[in-house]
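Engineer: Provide a 3D model corresponding to the input given below.
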Amino acid sequence: MTTRLDRKFAKLKAEGRAAFVTFITAGDPDSDASFEIVRGLPAAGADVIELGMPFTDPMADGPAIQASSQRALKSGATLHGTLDIVRRFRKGDNDTPIVLMGYYNPIYHMGVPAFLAAAKDAGVDGLIVVDLPPEEDDELCEPALRAGLNFIRLATPTTDDKRLPAVLANTSGFVYYVSINGITGSATPEARDVAASVARIKRHTALPVAVGFGISTPEQAATIAQAADGAVVGSAIVNKIAAELDAQGKMKSGGPARVLAFVRELADGVHGARATAAE
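Structural biologist: This next block holds a predicted model:
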């Protein structure tokens, strides 16, 4: 069975361009503003949307995404609310893949069968759950695959050739390569290192490889897009959302449009990358 992610990456490969993958936290700064931004992402150039599930202790994330989770939780965000944003999005867009990204705790508390059924019904395409290693695949990964959801695994600079087969065993949709050691938003990846790492991962899998962590400008996004099948931007977009909040933490008038304009600049960098390289 092919999924939206499979179809999207196949289409982009046929067009000779990389995917632009965007991340925002669901419910940041509130449900309505968050939905307005999510709804506008495809028109702003997003090929795949990663939607963060707000959580109190996002240990793999840097200050920007931690703060976005806190803002979302303060405004009343829940896992059910995250799924509702996806459900509302699907009423107007049945093509753009949506991947939920986060931690196992909220899923565990909802219950895996209930969560998977609700996610599938809402229109979720895949999951990235950063604190479940391959050794725990029977906990969520395998049930998710049986439910028809892609399970995207992270590979890092320290994932060596001995470890890669275990990481890739049940991975589907794409591989998310974390281009730096450390938390999100903490450094800028080196293009030469990224290209070598992507090539190494591709020796082990036919799946697309998307690269994230540390990409914050259209130029950086373009550089990564030349070496990988996709460029993922999260912290920079989340920082832009934070910059559009007033003293009370509410989105300023016109804020979502300015966030989406920034997304468009990043998308232009990604989508123009290979065309520029070919000239």
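Engineer: where does Lys240 sit: helix, strand or coil?
Structural biologist: helix (DSSP: H, G, I helix; E, B strand; the rest coil).
Engineer: where in this structure is pLDDT low?
Structural biologist: 181-191, 273-279 (pLDDT under 70).
Engineer: biggest strand in it by residues?
Structural biologist: strand 19-25 (DSSP state E).
Engineer: need the next SSE after that strand, C-terminal direction.
Structural biologist: helix 31-40 (DSSP states H and E).
Engineer: check what contacts that following helix and list those residues.
Structural biologist: Helix 31-40 has contacts (CB atoms under 8 Å, 6 or more residues apart in numbering) with 24-28, 49, 51, 72, 75-77, 81, 84-85, 88-89, 92-93, 241, 251, 255-257, 259-260. Where C-beta positions appear, they are placed from N, C-alpha and C, glycine not excepted.
Engineer: thinking again about what came up before, direction included, what does the longest strand of the chain pair up with?
Structural biologist: If you go by DSSP bridges, strand 19-25 pairs up with strand 48-52 (parallel), strand 230-233 (parallel).
Engineer: what distance do you get for the closest residue to Asp229 other than its chain neighbours to Asp6?
Structural biologist: The shortest distance from Asp229 to any non-neighbouring residue, by CB to CB, 6 or more residues apart in numbering, is to Pro208 (3.7 Å). Distance, Pro208 to Asp6, using CB to CB, to the nearest Å: 9 Å.
Engineer: out of those two, which sits in the busier spot?
Structural biologist: Set Pro208 next to Asp6 and count neighbours by other CB atoms under 10 Å: Pro208 wins out with 22 against 18.
Engineer: helices along the chain, start to end?
Structural biologist: 4-15, 31-40, 63-74, 79-90, 104-110, 112-122, 141-146, 164-168, 191-202, 218-227, 235-243, 255-278 (DSSP state H).
Engineer: and the longest one, what does it pack against?
Structural biologist: So that's helix 255-278. Using 3 or more CB pairs under 8 Å, 6 or more residues apart in numbering; DSSP states H and E, the elements in contact with helix 255-278 are strand 19-25, helix 31-40, helix 218-227, helix 235-243.
Engineer: ok, and for the third one, which residues are buried?
Structural biologist: In other words, helix 218-227. Residues of helix 218-227 classed as buried: Pro218, Gln220, Ala221, Ala222, Thr223, Ile224, Ala225, Gln226, Ala227 (neighbour count, 16 or more other CB atoms under 10 Å).
Engineer: Pro157: neighbour count?
Structural biologist: 15.
Engineer: correct me, but it touches Ile180?
Structural biologist: Yes - Pro157 is within contact range of Ile180, at 7.1 Å (criterion: CB atoms under 8 Å).
Engineer: thinking Leu164 is in contact with Ala155, fair?
Structural biologist: Yes - the criterion here is CB under 8 Å, and Leu164 meets it with Ala155 at 6.7 Å.
Engineer: which of the two has more neighbours?
Structural biologist: Set Leu164 next to Ala155 and count neighbours by other CB under 10 Å: Ala155 wins out with 24 against 18.
Engineer: so that one touches Phe174, yeah?
Structural biologist: No - checked against CB under 8 Å, the pair Ala155 and Phe174 is beyond contact range at 10.8 Å.
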